[in-house]
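Trainee: predicted structure and sequence below. I'll ask about it afterward.
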Amino acid sequence: MVRDIKVNSSQDIMDIHRAAVEAPFSVWVHGEDLLLDAKSLMGLFMLSPEDTLKLVFPSEVDSRLLIRRLQKLFTH
């Protein structure tokens, strides 16, 4: 599944990381020039608020908790 997200602060980055670490499946953040494992905090701090970002995770998993925790970051 792919969801557009907007990162506005370091707290948003921490929220993505926390939700990804607690997920029992892979979570990725795709940017225009980046592909980052959302479980890598150092990698996530490479994100820029200007970047168009996508949160990517398997569609066949139960992602309700991940989506609920990151709802405020989804752009639509």
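Mentor: The structure has been received and is ready for your questions.
Trainee: helix/strand/coil for the residue lying farthest from the centre of the chain?
Mentor: The outermost residue of the chain relative to its centre, with distances by Cα atoms, centre = their mean, is Glu60 at 17.3 Å. For Glu60, the assignment made with DSSP: H, G, I helix; E, B strand; the rest coil gives coil.
Trainee: shaky segments in this protein?
Mentor: Along the chain, the model assigns pLDDT under 70 to residues 76.
Trainee: and the longest helix for this protein?
Mentor: Counting residues, the longest helix found in the chain (DSSP state H) is helix 10-22.
Trainee: can you list the helices and strands that that helix packs against?
Mentor: Applying 3 or more Cβ pairs under 8 Å, 6 or more residues apart in numbering; DSSP states H and E, one finds that helix 10-22 contacts helix 41-44, helix 64-70. Where C-beta positions appear, they are placed from N, C-alpha and C, glycine not excepted.
Trainee: identify the residues contacting the very next helix or strand once past it?
Mentor: Next helix or strand after helix 10-22 toward the C-terminus (DSSP states H and E): strand 28-30. With contact meaning Cβ atoms under 8 Å, 6 or more residues apart in numbering, strand 28-30 is reached by 2, 5, 16, 35-38, 44, 47, 53-57.
Trainee: so how far is Lys39 from Ser26?
Mentor: According to Cβ to Cβ, to the nearest Å, Ser26 and Lys39 sit 8 Å apart.
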